[in-house]
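K.L.:
predicted model and sequence below, questions to follow.
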Amino acid sequence: MAEDTKGAGGAQTQLANDDLQDLVASTDTGARDPAGTSGYIIAGVALCWSLFQLYIASPLPFMLSSLTGLGLVLNDAQTRAIHLAFGLFLAYMAFPAFPRSPRDRIPKLDWVLALLAAACALYVFVFYRDLARRPGLPITQDLIVAGMGMVLLLEATRRALGPPLMIVAIVFLGYVFFGSSTLIPDIIRWGGASFPRAMDQMWLSPNGVFGVALGVSSAFVFLFVLFGSMLDRAGAGNFFIKLAFALLGHLRGGPAKAAVLASMMTGLISGSSIANVVTTGTFTIPLMKRVGFTREKAGSVEVASSVNGQIMPPVMGAAAFLMVEYVGIPYLQVIKHAFLPAVISYIALLYLVHLEAVKNDMPMLEKRQTHPATIALLRAGITIASIVILAGLIYYGIAFVRWLIPGISGPVLILAMLGVYVGLVWYAARAPDLELDDPNAPVVELPIATEVLKTGLHYLLPLVVLIWFLMIERSSPGLSAFYAVLLLIFIILTQKPMKAVFRGLQLPEQRAAFAEGFSDLMAGLITGARNMIGIACATAAAGIIVGTVTLTGIGQVMAEFVEFLSGGNIFLILVFTAMISLVLGMGLPTTANYIVVSSLMAPVIVQLGAANGVLIPLIAAHMFVFYFGIMADVTPPVGLASFAAAAVSGGDPLKTGFTAFFYSLRTVLLPFIFVFNTDLLLIDVGFVGAVSVFCLATVAMLIFAAATQGFFMVKSRMWESAALLLVTFMLLRPGFFLDLVQPPFDQVEPQRIFEAVEGEPDAAQVRLVIRGPNFDNPDQMLERTMAFSLGEAGASGEERFEEAIGLPVRIENGTTILDEPLDMNSLAGRTLSNMDFYAEEPVQITAVEVAAERMPREVFYIPAVLILALVAFLQRRRGGTLAGNPKPRPAAA
């Protein structure tokens, strides 16, 4: 009877796992996997896609071109067209049209649509020279292909990503064609575009579908998605999960803490929050439920940690590479700005689940103790110190080799790395291979960290290569990912045969191990390509939104709309922008999500901030809308990650989504903070300053987690939670309180504007109060307080003013008068577009404000510490401890 029960339970678990894998397939790789010829065609095309992307990322085209004299190097237009052709063909082949459509075969109609869609994309590849010769003058043939391509792209997007992005793209297309309709509100009405003009913008030029977003997808994103897929196929995904549980699983609330760490590590290489939820959640959620988390809370912890993986460098759900293009800064700068908020957010989430566990007196999972706790702690410290020392030795060792033998340093370093790899595989072969435990088993025995590390240290080599080329060699992200994937191919092919040799297995077993490795390589290349189908369709469809913004100027209208709602209040501007970003991001994958919100809302923040006296760096604006865009994966009614977690936990999806949003409040808070306190983004912050900011911000976010949980040392009273929130705000935004005590700006007479500007230091901020007649109603006067950042000091005041602000200015009869901006598309031109520069009453500067000398803002850390100490003292009197750990008790089976 016991065997029957167990068998039944096992069957149910297997069925649930199959359903979950089907969920991932239907959202990421395509639910259709036919047998026979059709299946081989899908796999073959996916394999060719991966090989094509590796080819164009490698130095091989340049080498072959120089040897043969043939033009084998493809330009951006050609690579984007081929990239989209692969994506569209596989979208129709791998994704069924409807839930009831056949999955074991491909209907004839889908064959036709797949070939037509690929042909429409390849049309740009074949005729790109002709299209370049007639820009803006499409012929009938061009228009037919473009129209068909647009329709087929929208349908492929619906299949691969669901209706949301398709609907958004159709709405924007409708606005392009019918923007002049009387049904359109006056505030967003425009002249409309003809069919030829729209198709030229969207399909036949690099301003729409084949624009920057698709270019980033083909140049960078594919390789990083392939890298993550192959790293998982090699066994690194299981290694990360096991390592997380070995390190944290034995602590109070350990499964939840391990879920956070595992999701962070898989998020480093993953581009999908849903796949992240299912990959780690199938193991972590049952264990969280076992130690006392409810179904909804277990799912919510997994959602909060998995979605946070999308803000974690170096991939950031592929948004990092798009930021490079949209913000116009190097990739390393993007990583630098994104790193601190992501790490702090994860640390705060770890503390939050710790408080949840302590508050509910949750038990701990048992762990085999090979050493006393003190010895284990000492060993952990020695291990961490050894890793740091080893990293330093590797860095300086490579630098020494390159200095000593510059001519042959490359081959020597490659041989050295291969030697290290062989040694690590030999070390791994001494231990049994990792197998993922069943979280529903009666007893779960947590692994030992040293035993887990032994089996997978060689998985870190591709990560080392990737980071080395990105950060030390300063290679492009695409080339860096290519070399990392190249090493991964070698590892997948050789690790199993080498283990078989080191374990003394016979020749037949060695051959079987090699065949298994080759099968893993093919599967990794095919899965990586199938994971890219949705992203390729998403970036292409999002190009429609970008093309619409460029063609219609809707971005300026959005700025006016948000300013109208907010009344010019910068905090309300951010709130409304966050809400709009949340709505725009619903149901969209991370990549498309970022393209949409950054195209529409990031310029709004920068423009309205400057127009209302607050300078907001462009990267801060992009990070702000990106954070709120990905929160759409959490929040109902379209929180896809929450629905996936509920499918694993068996909980209510809506309740899971709301709880996950509550757990993600720290991710909601951070964007508001780093917009005003750019130190969190490490803008103009040195190493010592970065360490200080990290420590301070981490403490602040831990206090915020305690405040939102209502538990610090013991259960907090309401006023204590409010006090902790105040402490958080004082630590993260001390400048707010300083502004209340001392004004941030000194007034300067407008006539002395050049003198005042000349005396300011590098990158100083200056604010101008500008007053002028309304263009639509000259009797009405408008007033703006605009903020500008001055360039380097040393030039004359007039030169600094004109270079930084771009406004022609003259002083007549004691009045500082502004002439019409030279560039109406500049920030000043767009902001002052409602003023009439040719009316009788001139547009003039009525006040000039420069930064005032004030006491350090850090003074307000003192009352923050005192308030925190008061709360801690009162809670300690009620029996609280900072660790909050009652006596441990084992988890129930």
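P.N.:
Good, I have the coordinates.
K.L.:
now do the strands in this structure.
P.N.:
745-748, 765-773, 781-789, 809-812, 815-818, 843-851 (DSSP state E).
K.L.:
out of those, flag the one nearest S218.
P.N.:
Smallest distance to S218 across the strands of the chain (Cβ to Cβ): 34.9 Å, for strand 781-789. Backbone N, C-alpha and C define where each C-beta goes, glycine included.
K.L.:
mind giving me the packing neighbours of the closest one?
P.N.:
helix 602-611, strand 765-773, helix 797-805, helix 827-831 (3 or more Cβ pairs under 8 Å, 6 or more residues apart in numbering; DSSP states H and E).
K.L.:
measure G567 to R733 for me?
P.N.:
Here the criterion is Cβ to Cβ, to the nearest Å. By it, G567 lies 22 Å from R733.
K.L.:
let me see the contact set for the nearest residue to L457 once chain neighbours are set aside.
P.N.:
Setting aside the residues directly before and after it, L457 is nearest to L424 in space (Cβ to Cβ, 6 or more residues apart in numbering), at 4.8 Å. L424 makes contact with 457-458, 461, according to Cβ atoms under 8 Å, 6 or more residues apart in numbering.
K.L.:
again, 10 Å this time
P.N.:
454-461, 491, 495 (Cβ atoms under 10 Å, 6 or more residues apart in numbering).
K.L.:
name the residues that touch stretch 747-761?
P.N.:
With Cβ under 10 Å, 6+ apart as the criterion, stretch 747-761 contacts 746, 764, 766-769, 788, 790, 792-802, 804-805, 809, 811, 814-817, 844-852.
K.L.:
can you flag the buried ones in these?
P.N.:
Buried members of these, scored by 16 or more other Cβ atoms under 10 Å, are 764, 766-769, 788, 790, 795, 797, 800-802, 804-805, 809, 816-817, 844-845, 847-850.
K.L.:
what is the burial count for I394?
P.N.:
15 (other Cβ atoms under 10 Å).
K.L.:
for D110, that is, sorry about that
P.N.:
D110 has 22 nearby residues by other Cβ under 10 Å.
K.L.:
is it true that it touches P96?
P.N.:
Yes: between D110 and P96 there is a contact under Cβ atoms under 10 Å: 8.2 Å.
K.L.:
overlap in contacts of the two?
P.N.:
Common neighbours of D110 and P96 (Cβ under 10 Å, 6+ apart) are 32, 102, 159.
K.L.:
pLDDT at the most centrally placed residue in the chain, what is it?
P.N.:
Closest residue to the average C-alpha location of the chain: M316 at 2.9 Å, with Cα atoms, centre = their mean. Per-residue pLDDT puts M316 at 73.
K.L.:
look up how far L486 lies from it.
P.N.:
23 Å.
K.L.:
do the same with F502
P.N.:
In terms of Cβ to Cβ, F502 sits 24 Å off from L486.
K.L.:
for the strands of the chain, which one sits closest to D433?
P.N.:
strand 781-789 (56.4 Å).
K.L.:
give me the angle between the closest one and helix 797-805.
P.N.:
100 degrees (axes from the mean of the first three to the mean of the last three Cα atoms, to 10 degrees).
K.L.:
I'd say F224 and L488 touch.
P.N.:
No: F224 is beyond contact range of L488, at 11.9 Å (criterion: Cβ under 10 Å).
K.L.:
what residues do these two have in common as contacts?
P.N.:
Joint contacts of F224 and L488 (Cβ under 10 Å, 6+ apart) are L466.
K.L.:
in space, what's closest to N677 - neighbours in sequence excluded?
P.N.:
Nearest to N677 is R733, by Cβ to Cβ, 6+ apart, at 5.7 Å.
K.L.:
kindly report the same for F624.
P.N.:
P671 (4.3 Å).
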